[in-house]
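Engineer: coords below, sequence missing:
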Ligand code: PMP
């Protein structure tokens with residue numbers, strides 16, 4: 001895909017707002033050499049009726065990028081507050097009137113060996129991005145033969161760029177095998193998550209999702225979904241989840257900033273429930289999109305208005 005279509009965008013780059021072609025990271029940097037960087041994926045939803053852009057859980061995403069820097073042992077930490085302010089300013093400078101995907105990154109800059117801990121650089125990019133069709137249709141997934149990284153090698157709970165080589169393997173395998181998505185098992189053989197999203201199943205009327213010690217990213221959408229399900233009167237359990245349980249689930253779905261709430265119709269060629277998105281998933285989607293689009297009351301203070 002050509003990146004020229006982004007050439008009119010403004011990028012926040014180390015304290016300045018620069019044209020797209022001036023946001024460059026040096027080839028000597030540990031970020032390039034070792035993937036020594038952490039990032040976030042944040043969505044902004046354009047509400048046409050209110051003519052406003054709502055950023056969803058901006059503070060929580062920036063708190064997580066601080067957390068990721070600490071976990072990845074950066075010697076200097078870019079704090080959340082200024083990153084939030086820079087994000088809002090970046091939205092204004094790009095004058096977005098469409099839904100967007102925002103990607104802040106903090107990286108190890110200049111020159112250093114693999115044990116380098118600084119200095120850091122930071123940038124934020126944002127591109128227009130709407131909700132993909134798979135959110136309506138649902139997807140087919142495969143349990144990958146690639147194991148999810150464990151906390152004994154790379155912390156999945158941090159959003160480190162290097163972790164995504166693990167996701168990449170699983171995603172490529174799923175694509176080659178004709179599936180839309182991958183589900184990875186952890187080193188204990190339990191379900192962890194998808195290549196870029198968390199997973200829930202409904203079994204005997206109860207919502208089940210792997211716990212935060214299952215080698216998953218500590219997902220913000222997962223947290224949102226748990227709250228929405230409880231609001232719907234659905235019991236939620238965070239516990240180990242087996243592959244074979246998925247074959248018996250009445251409904252299942254993926255969730256994440258990028259994946260929003262995406263129905264999971266089929267695993268390993270085996271239909272989940274009727275093989276089409278279930279009623280509970282549909283109701284959850286409705287509540288999720290009302291929340292992020294600023295249609296429902298923002299009782300948690302999760303929306304930042306631009
Ligand atoms: N797991 C992985 C591996 C991810 O990359 C993402 C996307 N950030 C998620 C889960 C979902 O996290 P969140 O809801 O915070 O976007």
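Structural biologist: Yes, it's here. Quick caveat: nothing in here was measured; it's all calculated off a predicted structure. Residues are numbered from 1 along each chain as shown.
Engineer: what's the average pLDDT for stretch 4-13?
Structural biologist: Averaging pLDDT along stretch 4-13 gives 95.
Engineer: Please, which helix or strand holds the closest residue to residue 221 other than its chain neighbours?
Structural biologist: Distance criterion CB to CB, 6 or more residues apart in numbering; nearest residue to residue 221, sequence neighbours excluded, is residue 255 at 4.5 Å. Placement of C-beta: from N, CA and C, glycine included. Here residue 255, judged by DSSP states H and E, is contained in strand 251-256.
Engineer: What residues sit buried inside that strand?
Structural biologist: 251, 252, 253, 254, 255, 256 (16 or more other CB atoms under 10 Å).
Engineer: what angle separates the following helix or strand past it from strand 251-256?
Structural biologist: Where DSSP H and E defines the elements, the next helix or strand beyond strand 251-256 is strand 260-267. Strand 260-267 runs at 140 degrees relative to strand 251-256, counting by axes from the mean of the first three to the mean of the last three CA atoms, to 10 degrees.
Engineer: Run through the neighbouring helices and strands of strand 260-267.
Structural biologist: Based on contacts counted as 3 or more CB pairs under 8 Å, 6 or more residues apart in numbering; DSSP states H and E, the elements that strand 260-267 packs against are helix 134-137, strand 139-143, helix 220-231, strand 251-256, helix 279-292.
Engineer: Redo these as JSON lines? Include mean pLDDT.
Structural biologist: Conversion of those to JSON lines gives the following (pLDDT from 0 to 100):
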{"stretch": "helix 134-137", "mean pLDDT": "97"}
{"stretch": "strand 139-143", "mean pLDDT": "98"}
{"stretch": "helix 220-231", "mean pLDDT": "98"}
{"stretch": "strand 251-256", "mean pLDDT": "98"}
{"stretch": "helix 279-292", "mean pLDDT": "98"}
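Engineer: winner for burial among those?
Structural biologist: Across the helices and strands packed on strand 260-267, the average number of neighbours (mean count of other CB atoms under 10 Å) peaks for strand 251-256, which reaches a mean of 27.
Engineer: sorry, back to before: mind checking the helices and strands packed on strand 260-267 for the one nearest to residue 64?
Structural biologist: helix 220-231 (7.0 Å; CB to CB).
Engineer: which residues are contacting the helix or strand following that closest one?
Structural biologist: Counting by DSSP H and E, the next helix or strand C-terminal to helix 220-231 is strand 236-238. Residues outside strand 236-238 that contact it (CB atoms under 8 Å, 6 or more residues apart in numbering) are 206, 207, 208, 209, 210, 211, 212, 226, 229, 230.
Engineer: Let me see the contact set for the closest residue to residue 288 other than its chain neighbours.
Structural biologist: Spatial nearest neighbour of residue 288, excluding adjacent residues (CB to CB, 6+ apart): residue 261 at 5.0 Å. Applying CB under 8 Å, 6+ apart to residue 261 gives the contacts 135, 221, 225, 253, 254, 255, 281, 284, 285, 288.
Engineer: Could you point out the member of those residues that lies closest to residue 76?
Structural biologist: For the contacts of residue 261, the minimum distance to residue 76 (CB to CB) is 29.1 Å, reached by residue 221.
Engineer: Please report how far the closest one lies from the ligand.
Structural biologist: Separation of residue 221 from the ligand (CB to the nearest ligand atom, to the nearest Å): 3 Å.
Engineer: One more: residue 40?
Structural biologist: The gap separating residue 40 from the ligand is 7 Å, by CB to the nearest ligand atom.
Engineer: Next: residue 57.
Structural biologist: In terms of CB to the nearest ligand atom, residue 57 sits 8 Å off from the ligand.
Engineer: Just list the residues touching that residue, thanks.
Structural biologist: If a contact means CB under 8 Å, 6+ apart, then residue 57 has 42, 220, 224, 302 as its contacts.
Engineer: Please apply the same query to residue 207.
Structural biologist: 200, 201, 226, 229, 234, 235, 236, 237.
Engineer: returning to that earlier point: who does the strand holding residue 255 touch, helix- and strand-wise?
Structural biologist: Judged by 3+ CB pairs under 8 Å, 6+ apart, strand 251-256 is in contact with strand 198-203, helix 220-231, strand 260-267, helix 279-292.
Engineer: and the first one, does that touch the ligand?
Structural biologist: What that stands for is strand 198-203. Yes - Strand 198-203 is in contact with the ligand by CB under 6 Å from any ligand atom, via residue 198.
Engineer: Return the distance of that strand from the chain's centre.
Structural biologist: Distance of strand 198-203 from its chain centroid, counting by CA atoms, centre = their mean, to the nearest Å, is 17 Å.
Engineer: Which strand residues bridge the nearest residue to residue 52 once chain neighbours are set aside?
Structural biologist: The shortest distance from residue 52 to any non-neighbouring residue, by CB to CB, 6+ apart, is to residue 305 (5.5 Å). With DSSP bridges applied, residue 305 shows beta-bridge pairing to residue 54.
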